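Colleague: Build me a model:
(2 chains)
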Amino acid sequence: MVETKPADALVEIRRISKHFGEGEARVDALRDVTLTINAREVVGLLGPSGSGKSTLLNAIACILEPDGGWMRLDGEVVYDNRWLRGNLRRLRLDKIGFIFQSHNLLPFLNCTDNVALVLTLAGWKMNAAAARARELLTYLQVEHRAAAMPGQLSGGEAQRVAIARALANRPRIILADEPTAALDSARAGIVMDLLHKLAVDQDAAIIAVTHDDKILGRLDRIYRMVDGRLAG
Amino acid sequence: MNLAFRDIRHKLGRFILTCLGLSLLLGVVVTMAGIYRGQTADALALLNATDADVWIVESGSQGPFAEASRVPGDTRELVARIYGVEEAGSLTLQTVQLLHNGRRLRIQIVGYEPGRPGAPAHLTDGRQITSSRFELIADRQTGLKVGERITLGRDNFTVVGLTSGVVTLSGDSVLYMALRDAQQLQFDLAPPAARKEAARGAQRSGTDFVNAVVARVSPNVPSAVIAAEIARWKHLSVLTGAQQETLLTRTVIERASRQIGLFMTVLTLVSAVIIALIVYTLTLDKTRDIATLKMIGAPDRTIIGLIVQQALLMGVSGFVIGTLLVYLFRGVFPRRIEMLPTDIAGLFVVVVVVCLAASALGVRVAVKVDPSRALAG
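Modeller: Now for the predicted structure:
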């Protein structure tokens, strides 16, 4: 399949499908899903449990191989009925940042090292990685917690550090899984404002899977999923 | 960034406790190796202290350590006349129990002719026996001191010298005394028994018997040549020093050594299983962290490195602590614990291999962790 890339499209998905099980147990988790997400957009992926939003997120994250379709991430066609890249982890490291529902900071690394880890995995020297990590923690206003261990952070602080980690390699695609689920309304609002700021500052596309009604008004676009299809 | 060290530092208390537990187990493995070597060293201690090239014993016997042996006392003079024999000496060996300072000692008495082969090669204190009667050289393990007097049979003896580490193959301490004293102690009847024998008209048998004759051979003459020469006499058997050593290490203590070796192997396997279980449990604890690492793009080598390095650190730390504990407390053991550097190095390599093998289970789990588990709330 040959397509012309829109100027600012960072995530392009065409007719992606995925099923689990066979026969009577067959579940079509994704059915011909097609979507485009542009730079500087914060897009919400909504839907009831089992609607396929997590499957779609996993497919975009390149940790779940679709049955068929086509996918381009940050200008690189990574899937065309098969993975076109051998090292998908390197692809994730270079192009995708992750924000998890329960922040998933490594408990044995302090905040600086949690952020710097991504950079050292990408080949940065430790000193340079630590400097960049401190810069990001400052940007996210948690520099005062740089030496703290994750267990010593509040929910909001931990999520900010997790966002700093997601930004470390300057990815242009950020996947957020329920980024505000563990936060109260005020903090959820702050995080959403921050995601908007990031989308603009980093020229990035942010895809957030959410059930959280209180942030719906803060999303640029909303995709609703029902039975593996995009409903709108 | 070394994730293994960071994780250990984060849970230092748990890691130290695990290492301590493992060190006790690996310490037992080191101890078993030490007991094995100690047993061999004990078996050879008296042989080495005697420093003889040739052992002449009763015909058909493999004495005096492995089997009983009794040869006439004048055998030494016959042996000494053989070309190539530089010097020869008679020996008696007998095991007695002695009550000393309220402690029952099991000791082996070696009777020898002062000035001839058979005397202890090295003394740590005091002097060699110079008088022909009533003097003793004792091993330090007996607790006897120079100048101390003890009673053996009907006579009092004075300790004039001390040896160190001269024991029998069963670990009993050795006492040296002049041959005449030893023969009297071994062969003379107590007065009532002697009177009874005399009353029934029994002829008094001679007491000039020894258990073995030892000889030192000229450096220019092979021991085997002397042994062959003596072997032609039908009433005697001969063993070279090397044959005695083989007899002691391969035959006399072989079963015990195999037992210890087998026990050590079982303990090593148990250690491997325990290390594998610890690594497996630690890996299960980190499943979510491993999923996160995979999700953010960490390669398998980073994750495998985390697990293998921790397994190695745990095993090596446990081994080092265990070895140090055994080294510090080896004197507490009733038998000799001989820690040879080559054995320790060999065991270290075994521990490293065991850790690598044991971490395979954890690595298998880690490699199979689905990165999407990081997304699970």
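Colleague: For stretch B:278-297, list every residue counted as buried.
Modeller: B:278-280, B:282-283, B:286-297 (16 or more other C-beta atoms under 10 Å in any protein chain shown). Backbone N, C-alpha and C define where each C-beta goes, glycine included.
Colleague: how distant is that stretch from the center of its chain?
Modeller: 46 Å (C-alpha atoms, centre = their mean, to the nearest Å).
Colleague: what's the answer for stretch B:66-76, then?
Modeller: Centroid separation between stretch B:66-76 and its chain, computed with C-alpha atoms, centre = their mean, is 27 Å.
Colleague: Any idea how far apart the tips of that stretch sit?
Modeller: 21 Å (C-alpha to C-alpha, to the nearest Å).
Colleague: returning to that earlier point: from the buried residues of stretch B:278-297, which land in helices?
Modeller: Judged by DSSP state H, helices contain the following of the buried residues of stretch B:278-297: B:278-280, B:282-283, B:287-296.
Colleague: re the thing from before, which ones, among the buried residues of stretch B:278-297, also lie beside chain A?
Modeller: B:288-289, B:292-297 (C-beta under 8 Å from any C-beta of the partner chain).
Colleague: Name the nearest residue to the residue in chain A positioned nearest to chain B, sequence neighbours excluded.
Modeller: The nearest approach of chain A to chain B comes at residue A:93, 2.8 Å away (C-beta to the nearest C-beta). Closest residue to residue A:93 apart from its sequence neighbours, by C-beta to C-beta, 6 or more residues apart in numbering or on different chains: residue B:297 at 2.8 Å.
Colleague: show me what contacts the one you found?
Modeller: Neighbour list for residue B:297: A:89-94, A:118, A:121-122 [criterion: C-beta atoms under 8 Å, 6 or more residues apart in numbering or on different chains].
Colleague: switch the cut-off to 10 Å
Modeller: Neighbour list for residue B:297: A:62, A:87-96, A:98, A:118, A:121-122, A:169, A:171, B:371 [criterion: C-beta atoms under 10 Å, 6 or more residues apart in numbering or on different chains].
Colleague: What are the boundaries of the helices in chain B?
Modeller: Using DSSP H, helices in chain B cover B:3-10, B:12-50, B:75-80, B:179-187, B:191-199, B:223-231, B:241-246, B:254-285, B:287-296, B:300-329, B:341-368.
Colleague: weakest of the ones you listed in terms of mean pLDDT?
Modeller: Lowest mean pLDDT of those: helix B:191-199, a mean of 69.
Colleague: Count the residues that sit near residue B:170.
Modeller: 15 (other C-beta atoms under 10 Å in any protein chain shown).
Colleague: Which of the contacts of residue B:297 are buried, as a PyMOL select command?
Modeller: Filtering those down to the buried ones (16+ other C-beta under 10 Å) takes a single PyMOL command:
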select buried, (chain A and resi 62+88+89+91+92+93+94+95+96+98+118+121+169+171) or (chain B and resi 371)
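Colleague: And what about the spatially most central residue of chain A, helix, strand or coil?
Modeller: Against the mean C-alpha coordinate of chain A, by C-alpha atoms, centre = their mean, the closest residue is residue A:175 at 0.9 Å. What DSSP: H, G, I helix; E, B strand; the rest coil gives for residue A:175 is strand.
Colleague: contacting residues for it?
Modeller: Per C-beta under 10 Å, 6+ apart, neighbours of residue A:175: A:11, A:45, A:57-58, A:60-61, A:92, A:96-100, A:166, A:205-209, B:295, B:375.
Colleague: cool, and residue A:211?
Modeller: A:46-49, A:53, A:178, A:180-181.
Colleague: now the residues you listed: which count as buried?
Modeller: A:46-47, A:53, A:178, A:180.
Colleague: Check the gap between the residue in the stretch 1-150 of chain B positioned nearest to chain A and residue A:38 for me.
Modeller: At 3.5 Å from chain A, residue B:10 is the closest residue in the stretch 1-150 of chain B, using C-beta to the nearest C-beta. According to C-beta to C-beta, to the nearest Å, residue B:10 stands 41 Å off from residue A:38.
Colleague: if we can go back for a sec, just give the number of residues close to the residue of the stretch 1-150 of chain B closest to chain A.
Modeller: Residue B:10: 17 neighbours (other C-beta under 10 Å).
Colleague: So it sits against residue A:149, correct?
Modeller: Yes: in this structure residue B:10 lies within contact range of residue A:149 using C-beta atoms under 10 Å: 7.3 Å.
Colleague: list residues touching both of those two?
Modeller: A:106-110.
Colleague: so what's the residue nearest to residue A:93 scoring on pLDDT?
Modeller: Looking at residue B:297, the pLDDT reads 88.
Colleague: before we move on, what about residue A:188?
Modeller: For residue A:188, pLDDT reads 80.
Colleague: now swap in the one 5 residues further on and tell me
Modeller: We have a pLDDT of 85 for residue A:193.
Colleague: The longest strand anywhere in chain B pairs with which strands, and in what direction?
Modeller: With secondary structure taken from DSSP state E, chain B has its longest strand at strand B:85-100. With DSSP bridges as the test, strand B:85-100 is paired with strand B:103-112 (antiparallel), strand B:212-217 (antiparallel).
Colleague: Put together TSV for these, with mean neighbour count and mean pLDDT on each row.
Modeller: Below are those laid out as TSV (neighbours: other C-beta atoms under 10 Å in any protein chain shown; pLDDT from 0 to 100):
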stretch	mean neighbour count	mean pLDDT
strand B:103-112	19	90
strand B:212-217	26	92
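Colleague: Tabulate those strands in CSV, adding columns for distance to residue A:67.
Modeller: As requested, the strands paired with strand B:85-100 are arranged in CSV below (distance: least, C-beta to C-beta, whole Å):
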stretch, distance to residue A:67
strand B:103-112, 82
strand B:212-217, 89
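Colleague: what's the closest of those to residue B:74?
Modeller: Proximity to residue B:74 (C-beta to C-beta) singles out strand B:212-217 among those, at 9.8 Å.
Colleague: quick one, the closest one and helix B:223-231 angle?
Modeller: 140 degrees (axes from the mean of the first three to the mean of the last three C-alpha atoms, to 10 degrees).
Colleague: chain center to stretch B:163-175, what's the gap?
Modeller: The mean C-alpha position of stretch B:163-175 is separated from the chain mean by 11 Å, C-alpha atoms, centre = their mean.
Colleague: May I see the buried residues of it?
Modeller: Going by 16+ other C-beta under 10 Å, stretch B:163-175 has these buried residues: B:163, B:165-169, B:171-175.
Colleague: Lowest-confidence one in those?
Modeller: residue B:169 (81).
Colleague: so what's it up against?
Modeller: B:39-47, B:65-66, B:108, B:248-249, B:252-253, B:256.
Colleague: filter the residues you listed to the buried ones?
Modeller: Buried, going by 16+ other C-beta under 10 Å: B:39-47, B:65-66, B:108, B:248-249, B:252-253, B:256, out of the contacts of residue B:169.
Colleague: Tell me the helix or strand right after the lowest-mean-pLDDT helix or strand in chain A.
Modeller: For chain A, counting by mean pLDDT, DSSP states H and E, helix A:185-201 ranks last in confidence among helices and strands (a mean of 83). Using DSSP states H and E, the next helix or strand after helix A:185-201 towards the C-terminus is strand A:205-209.
Colleague: related to what we said a few turns ago, filter the contacts of residue A:175 down to just the ones in strands.
Modeller: Reading strands off the contacts of residue A:175 with DSSP E, I get A:11, A:45, A:96-99, A:205-209.
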